[in-house]
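K.L.:
prediction below, plus the sequence it came from.
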Amino acid sequence: MSENINLKYQDNFLSNVIFKLDFASVPELFSDIPNDIDNLIKESCPTFNKRETIEYQAIIENGRKTDRERRFPVFSYIHEEDKNTITVAHNYITIESSKYRNFTTFKSLIEKIIPTFISTIKIVDLTRIGFRYINQIVFKRGNPFSWSGYIDSSLTSVVDKFFKKTPHTSRAIGQVILNKDDFNINFTYGTPNSEYPAKISRKEFIIDIDCYSNFIETNGVISTLGNFNTEAKILFEKSIKSKLREKMGIINDE
């Protein structure tokens, strides 16, 4: 399996790739985005819109509990053609792609935005970093319970063996949470069934790999991102078989 880690593909089944950085609330972002950051983000995602989000905080006064409503702006920047979205709030920033090409391209966007964002906003307390790959493997036709040669049998064994591919199945999802030395991985797999709660009738499978850590230094974002990507590739390659690799089209660099 290790020799597959460096494989590159012409196509992929990634419906969304999400990078998220959480930080302690920054008052400067309660009303607007600094011009330097606004201009920088618009170079990559020129379409801008602003909306409002509501957060509720439980307050106990004189033995009585009340919910205090607080409103915060959320700033979104979109590149329609590249399908990239950058979202900034008072306590997080996300960079998303629904047209993911490769890690090098996606990382270059993060490298362009995040270091400058951190230094300009003067963020010193990062609380969480996350990097999530959502693979939605969908075929237009075929037996929805037949994944031999495409998906590793260990990920389909509950439906294949325990339930013996019963046609009454309407959803089959599994989850494994891995606790690495300095980060975690939430690995979700199975048949989510886009027509749920109807019975499964479409050939679709999800491999959702969410890497995250609650311990991150401001100067360690990019290196941590690289570690996450490596682990995600390892898990993905362990999950798939030769027929799916052929369908994606292996790129031969030689």
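P.N.:
Perfect, thanks for sending it.

K.L.:
so where do the helices sit in the stretch 1-150 of the chain?
P.N.:
35-44, 103-121 (DSSP state H, counting those that start in this stretch).

K.L.:
low pLDDT regions in this structure?
P.N.:
Counting by pLDDT under 70, the ranges of the chain that qualify are 1-3, 63, 253-254.

K.L.:
quick one: the strands in it?
P.N.:
14-23, 47-61, 64-79, 84-89, 92-97, 126-139, 172-179, 184-191, 203-213 (DSSP state E).

K.L.:
so which of the helices of the stretch 1-150 of the chain is nearest Ala58?
P.N.:
helix 103-121 (27.9 Å; Cβ to Cβ). Yep, even glycine has a C-beta here, placed from its N, CA and C like the rest.

K.L.:
what's the first-to-last distance across stretch 5-19?
P.N.:
21 Å (Cα to Cα, to the nearest Å).

K.L.:
what sits up against that stretch?
P.N.:
Here stretch 5-19 makes contact (Cβ atoms under 8 Å, 6 or more residues apart in numbering) with 94-98, 100, 102, 106, 110, 130-138, 225, 230, 233-234, 237, 245, 247-251, 253.

K.L.:
do stretch 139-155 as well
P.N.:
137, 156, 159-160, 165, 169, 174, 189-191, 200-205, 238-244, 247.

K.L.:
pick out the residue nearest the middle of this protein.
P.N.:
For the chain, the residue nearest the mean C-alpha position is Arg132 (2.5 Å; Cα atoms, centre = their mean).

K.L.:
contact partners for that residue?
P.N.:
Arg132 touches Asn16, Val17, Ile18, Lys20, Asp208, Ile209, Asp210, Cys211, counting by Cβ under 8 Å, 6+ apart.

K.L.:
ok so, going back, which of the contacts of stretch 139-155 are buried, as a ChimeraX select command?
P.N.:
Applying 16 or more other Cβ atoms under 10 Å to the contacts of stretch 139-155, the buried members can be selected in ChimeraX as follows:
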select :137,156,159,160,169,189,190,191,200,203,204,205,239,240,244
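
K.L.:
who touches Ser170 in this structure?
P.N.:
Asn193, Tyr196, Pro197, Ala198, Lys199, Ile200 are the contacts of Ser170 under Cβ under 8 Å, 6+ apart.

K.L.:
tell me how many other residues crowd Asp11.
P.N.:
For Asp11, the neighbour count with other Cβ atoms under 10 Å is 8.

K.L.:
how near is it to Ile123?
P.N.:
The spacing between Asp11 and Ile123, counted by Cβ to Cβ, to the nearest Å, is 37 Å.

K.L.:
check Phe106 too.
P.N.:
Distance from Phe106 to Ile123, by Cβ to Cβ: 21 Å.

K.L.:
any chance of the helices of the stretch 1-150 of the chain in CSV, plus mean neighbour count and distance to Ser76?
P.N.:
As requested, those are exported to CSV (neighbours: other Cβ atoms under 10 Å; distance: least, Cβ to Cβ, whole Å):
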stretch, mean neighbour count, distance to Ser76
helix 35-44, 15, 10
helix 103-121, 16, 14
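
K.L.:
these: which one's closest to Tyr56?
P.N.:
helix 103-121 (25.0 Å).

K.L.:
mind giving me the packing neighbours of the closest one?
P.N.:
strand 14-23, helix 35-44, strand 84-89, strand 92-97, helix 221-239 (3 or more Cβ pairs under 8 Å, 6 or more residues apart in numbering; DSSP states H and E).
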